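A.B. asks: Following is a predicted model, sequence given first.
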Amino acid sequence: MNGTSYEDALAKVPAVTLGFWIIKILATTLGETAGDSVSMSWLGETTSEATGWGYLIGTGIFLVPLVLLILAQIRARHFNPWLYWATIIASTTAGTTLADFFTRTLFTKIGQVDQATSYLLGSLALFACVIGTLVAWKRTLGTVSVTSVSEPRAESFYWITITFSQTLGTALGDWTADNFGDATFMGLESGYVLGALVFVAALAAVAALYRLTSISRTGLFWTAFILTRPLGATVGDFLDKPIDKGGLDFSRPAATLILLLAIGILIAAVPQRAGKAH
């Protein structure tokens, strides 16, 4: 195969580069605006007729393309950047509505806890799902490194972990923004801005650890991967939430289309190559 190993030929996840992280953050922001477009704008979860079940219905809507895309990704013979990022976007939109179901329906309406506690409980429950999947992956295949994603079992664990991490990130972003409440930053009364800055700082710390230490690269990757999701969630909420709630009140569908266009341009313009499988 022209000097390329069989596993390298099957590597279907991209190399982790700066371009990867930029597209990932845009994709997570898109997931927030697209998920809210369906559950909040279309299904009415921000109206007086809200039942709380629109988040579960939205999750069901997004799970169909997510499952189909994951199956297509697993069946693909080579890395396809358009297929990969479409699957990421599907996972982050499904993650948005699923996290909102956890934190705005399951714990608040069924568990009868206040919203702040619900955000915390949702984050803890979803963090347990991420850790549980990583542990099962490690015990089954011996590693959770993305460089091992070159066969169907590893890909299955990879996409389950990603979907849970996208869901966790939404809940974590909401919990962080909620804790800031009406705090002011540079004249802006927005917990979303402050929440985004917290996650930017956390990602900068992860980048510094990567550059300056020998800490497990696999651990740092999954930490950064999880942290990009609440960053996208807080930025997405800042874009589309009403002004009186600390947002800019942009149209959710319009913001979604602009982000989708930006991602498409980056995928086409930024070199996309498969990561090496080991």
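C.D. replies: Yep, that arrived. Residues are numbered from 1 along each chain as shown.
A.B. asks: residues in contact with the residue positioned nearest the centre of the chain?
C.D. replies: Nearest to the centroid of the C-alpha atoms of the chain, with distances taken as CA atoms, centre = their mean, sits Gln166, at 3.1 Å. Counting by CB atoms under 8 Å, 6 or more residues apart in numbering, Gln166 makes contact with Thr28, Gly31, Ser91, Thr92, Ala94, Gly95, Thr96, Arg229. For glycine as for every other residue, the C-beta is placed from the backbone atoms N, C-alpha and C.
A.B. asks: mind listing what the last one touches?
C.D. replies: By that I understand Arg229. Contacts of Arg229 were listed using CB under 8 Å, 6+ apart, and they are Thr28, Gly31, Thr92, Gly95, Ser165, Gln166, Leu168, Gly169, Thr170, Leu172, Gly173.
A.B. asks: Now find how far off-centre the helix or strand where the last one lies is within its chain.
C.D. replies: When you say that, I think you mean Gly173. Counting by DSSP states H and E, the element that carries Gly173 is helix 152-180. Taking CA atoms, centre = their mean, to the nearest Å, one finds helix 152-180 lying 5 Å from the centre of the chain it belongs to.
A.B. asks: What residues of stretch 95-114 count as buried?
C.D. replies: Under the neighbour-count criterion of 16 or more other CB atoms under 10 Å, stretch 95-114 has 95-108, 113 buried.
A.B. asks: For my notes, please list the contacts of Gln166 in JSON lines and give pLDDT and secondary structure for each entry.
C.D. replies: Shown next, in JSON lines, are the contacts of Gln166 (pLDDT from 0 to 100; DSSP: H, G, I helix; E, B strand; the rest coil):
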{"residue": "Thr28", "pLDDT": "94", "secondary structure": "helix"}
{"residue": "Gly31", "pLDDT": "93", "secondary structure": "helix"}
{"residue": "Ser91", "pLDDT": "96", "secondary structure": "helix"}
{"residue": "Thr92", "pLDDT": "95", "secondary structure": "helix"}
{"residue": "Ala94", "pLDDT": "95", "secondary structure": "helix"}
{"residue": "Gly95", "pLDDT": "93", "secondary structure": "helix"}
{"residue": "Thr96", "pLDDT": "94", "secondary structure": "helix"}
{"residue": "Arg229", "pLDDT": "92", "secondary structure": "helix"}
